[in-house]
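[1] dropping a prediction and its sequence here:
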Amino acid sequence: MVAVLGFAQEGRATVTYLVKHGVLPVIFDEKPWEEWQADDQEYIKSLKLNFIFGPACLSELAGFDVAFRSPGIKAFHPSLVAWQKKGLSILSQTKWFFQHCPAKIIGVTGTKGKGTTSSLIFQMLDTQKDHKQLFLTGNIGETQPFEILDILTEKDWVVFELSSFQLQDLTVSPHIGVCLMTTSEHLDYHADLEEYLAAKEPISKFQNNNDFAIYNIDFLASRYIGSLGGGKKIEISTNNQVNHGCFVAGNRILSKGFTGANHFFNLDRIQLRGSHNLQNIAAAIAAALCAGAEPSSIQKIIEEFKGLNHRLELVGQKNGVIFYNDSFSTTPETAIAAIEAFHEPKILILGGAIKGSDFSELAKAIVRKEDIKAIVLIGQEAENIQLAISAAGEFSGALLKGAKNMKEIIEQAVSLSAPGDVVVLSPACASFDMFKNYKDRGEKFKSEVMKLGLR
């Protein structure tokens with residue numbers, strides 16, 4: 001018997017795939033039946049499959065041979081560990097895909113930058129005509145891996161954005177593995193930093209000498225992860241020259257020593273803000289070159305790419321004040337990157353749900369930067385961020401708290417703004433205390449800003 005554990009987007013794609021292949025799984029979800037929306041209940045009933053819902057559902061796996069785990073259910077969930085010891089085989093959509101995919105996979109992971117880098121690689125390769133099909137899947141976009149697995153051939157390419165949740169139990173690495181900046185993240189999911197970093201190891205761990213491992217040498221954890229496996233090593237840096245890889249030199253990115261010819265790519269006309277995005281561009285260049293993209297096509301995409309929603313997204317301008325939506329920033333590191341991306345006077349919006357982050361480095365960056373005029377602190381972490389700032393030194397700007405919704409947040413930010421300022425929503429925290437998710441937070445930010453009457 002086969003179980004599908006978790007029935008959100010990935011779980012539904014898994015059920016559809018299994019049914020298509022003649023397998024009738026039983027659906028498990030820890031959310032009680034009565035808490036599902038009426039349309040969800042109707043959809044589940046229409047499948048005509050058995051289902052077991054509720055907090056104790058994972059105790060009901062006796063007799064099952066295989067279970068497909070969704071990312072929302074931890075790989076080391078005590079119930080799953082216990083059932084594995086009794087012979088239950090635990091799979092996932094990602095694990096199955098990697099084991100059975102005939103196409104070449106470019107896998108992208110890292111604490112932040114996965115979506116931007118994956119999208120850049122996809123667009124760089126999408127200009128090429130030497131492959132039959134190209135897909136972008138994983139954490140990004142609407143296409144689930146199981147929706148494309150049956151139509152892939154060995155001539156095709158798949159760009160796969162991979163979180164630690166998806167990588168954790170893989171036994172196959174991608175043909176081209178990209179490890180971006182890797183720091184602390186998801187410590188509300190993983191037991192500790194060691195487990196989080198170990199979860200990312202499969203991006204390169206199982207490669208052979210026909211594969212490529214691309215990794216950012218500016219981060220110790222990324223260097224370690226990239227060093228694993230037998231793939232050809234390609235280094236990325238924004239701080240140092242490298243002999244085999246891509247590095248930033250002035251207003252260019254140079255590729256050197258890994259494709260038979262060296263190339264340089266101009267950065268004069270790029271539209272992405274922030275030095276962290278130079279890391280993402282360099283990694284995308286390396287991956288695209290390894291996959292056979294033409295340098296001229298890569299240069300074109302570098303100049304045309306405007307970024308993703310909720311990633312330092314330009315919303316608009318009002319009375320000389322420019323608003324940026326960086327709601328995807330859920331870690332202190334990405335908030336620091338947002339701070340460094342702007343030289344204008346800044347009003348920051350920081351805070352959100354508690355997930356165990358250390359704000360000390362963010363606080364030091366805030367104290368160092370004399371161009372931060374004010375900080376609007378929101379959510380559960382407002383007090384912890386304020387304490388971290390106080391411990392870091394003297395902050396000369398204003399600190400505002402108490403906003404209960406996005407309308408009040410924008411009102412506080414606007415009250416302190418002047419022509420030439422930028423207002424940046426880069427929360428450094430999860431969103432679940434005040435909003436449904438980071439997308440909801442970002443959309444509400446944009447909505448309230450648009451009400452100001454932008455031009």
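    That came in fine, so what should we check first?

[2] so where's the stretch 351-455 of the chain uncertain?
    Applying pLDDT under 70 to the stretch 351-455 of the chain picks out residues 454-455.

[3] the stretch 1-150 of the chain now?
    For the stretch 1-150 of the chain, applying pLDDT under 70 flags the ranges 129-131, 141.

[4] now the strands for it?
    Taking DSSP state E, counting those that start in this stretch, the strands of the stretch 1-150 of the chain run over residues 2-5, 26-29, 51-53, 66-69, 89-91, 104-109, 134-138.

[5] domain map for this structure?
    2-91, 101-304, 313-450 (automatic domain parsing).

[6] the strands in the stretch 301-450 of the chain, which residues?
    When assigned using DSSP E, counting those that start in this stretch, the strands of the stretch 301-450 of the chain occupy the ranges 313-318, 321-325, 346-351, 372-378, 398-400, 422-425.

[7] chain neighbours aside, what residue packs nearest to the residue nearest in space to the middle of the chain?
    In the chain, the centroid-proximal residue (Cα atoms, centre = their mean) is residue 114; its distance is 4.6 Å. Take residue 114 and drop its neighbours on the chain: the residue closest to it by Cβ to Cβ, 6 or more residues apart in numbering is residue 161, 4.8 Å away. Where you see a C-beta, it was placed from the backbone N, CA and C, and this is true even at glycine.

[8] dump the residue contacts of that neighbour.
    If you count contacts by Cβ atoms under 8 Å, 6 or more residues apart in numbering, residue 161 has them with 108-109, 114-115, 118, 136-140.

[9] identify the farthest-apart pair in these.
    Spanning the widest gap among the contacts of residue 161 are 109 and 136, at 14.8 Å by Cβ to Cβ.

[10] neighbour count: these two, which is higher?
    Applying other Cβ atoms under 10 Å to residue 109 and residue 136 shows that residue 109 carries more neighbours, namely 32 against 23.

[11] what bridges to that one?
    Using DSSP bridges, the beta-bridge partners of residue 109 come out as residue 179.

[12] for it, give me its contacts.
    With the criterion set at Cβ under 8 Å, 6+ apart, residue 109 makes contact with 161-164, 167, 177-180, 182, 200, 203.

[13] just residue 134 next, same as before
    Neighbouring residues of residue 134 by Cβ under 8 Å, 6+ apart: 122, 125-126, 156-159.

[14] element containing residue 284, please.
    Assigning secondary structure by DSSP states H and E places residue 284 in helix 276-290.

[15] strand 104-109 and that helix, what's the angle between them?
    Here helix 276-290 runs at 160 degrees with respect to strand 104-109, directions being taken by axes from the mean of the first three to the mean of the last three Cα atoms, to 10 degrees.

[16] check the average confidence over helix 276-290, would you?
    In this model, helix 276-290 carries a mean pLDDT of 95.

[17] show the backbone phi and psi for the residue nearest to residue 114.
    The phi and psi values for residue 161, taken as degrees, to the nearest 10, are phi -80, psi 130.

[18] against residue 292, how distant is it?
    With the distance defined as Cβ to Cβ, to the nearest Å, residue 161 ends up 21 Å from residue 292.

[19] for the residue of the chain most remote from its centre, which non-adjacent residue is closest in space?
    Relative to the C-alpha centroid of the chain, counting by Cα atoms, centre = their mean, residue 63 is the outermost residue, at 36.2 Å. Leaving aside its sequence neighbours, residue 63 sits nearest to residue 1 (Cβ to Cβ, 6+ apart; 5.9 Å).

[20] pretty sure the one you found is touching residue 28, no?
    No - distance between residue 1 and residue 28: 11.6 Å, which falls outside the contact criterion (Cβ atoms under 8 Å).

[21] who's more crowded, these two?
    Taking residue 1 and residue 28 together and counting by other Cβ under 10 Å, residue 28 has the greater number of neighbours (26 against 14).

[22] how many neighbours does residue 132 have?
    Neighbours of residue 132 under the rule other Cβ under 10 Å: 12.

[23] how much space between it and residue 98?
    Distance check for residue 132 against residue 98: by Cβ to Cβ, it reads 20 Å.

[24] switch the strands of the stretch 301-450 of the chain over to a markdown table; also include distance to residue 272.
    Output for the strands of the stretch 301-450 of the chain, formatted as a markdown table (distance: least, Cβ to Cβ, whole Å):
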| stretch | distance to residue 272 |
| --- | --- |
| strand 313-318 | 11 |
| strand 321-325 | 12 |
| strand 346-351 | 18 |
| strand 372-378 | 22 |
| strand 398-400 | 29 |
| strand 422-425 | 15 |
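
[25] okay, the ones you listed in JSON lines with distance to residue 298 and mean neighbour count next?
    Listed next are these as JSON lines, based on distance: least, Cβ to Cβ, whole Å; neighbours: other Cβ atoms under 10 Å:
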{"stretch": "strand 313-318", "distance to residue 298": "23", "mean neighbour count": "17"}
{"stretch": "strand 321-325", "distance to residue 298": "26", "mean neighbour count": "23"}
{"stretch": "strand 346-351", "distance to residue 298": "32", "mean neighbour count": "27"}
{"stretch": "strand 372-378", "distance to residue 298": "35", "mean neighbour count": "23"}
{"stretch": "strand 398-400", "distance to residue 298": "43", "mean neighbour count": "17"}
{"stretch": "strand 422-425", "distance to residue 298": "29", "mean neighbour count": "27"}
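
[26] looking at the ones you listed, which is closest to residue 104?
    Closest to residue 104 of these, according to Cβ to Cβ: strand 313-318, at 31.1 Å.

[27] who touches the closest one?
    Judged by Cβ under 8 Å, 6+ apart, the contacts made with strand 313-318 from elsewhere in the structure are 307, 322-326, 442, 445-446, 449-450, 452-455.

[28] quick check: angle from it to strand 321-325?
    Between the direction of strand 313-318 and that of strand 321-325, the angle (the same axes, to 10 degrees) works out to 160 degrees.

[29] distance from the chain centre to strand 313-318, please.
    Its chain's average C-alpha position is 23 Å from that of strand 313-318, according to Cα atoms, centre = their mean, to the nearest Å.

[30] can you map out the helices along the stretch 101-250 of the chain?
    The residue ranges that make up the helices of the stretch 101-250 of the chain, judged by DSSP state H, counting those that start in this stretch, are 114-126, 145-148, 164-167, 193-199, 220-227.
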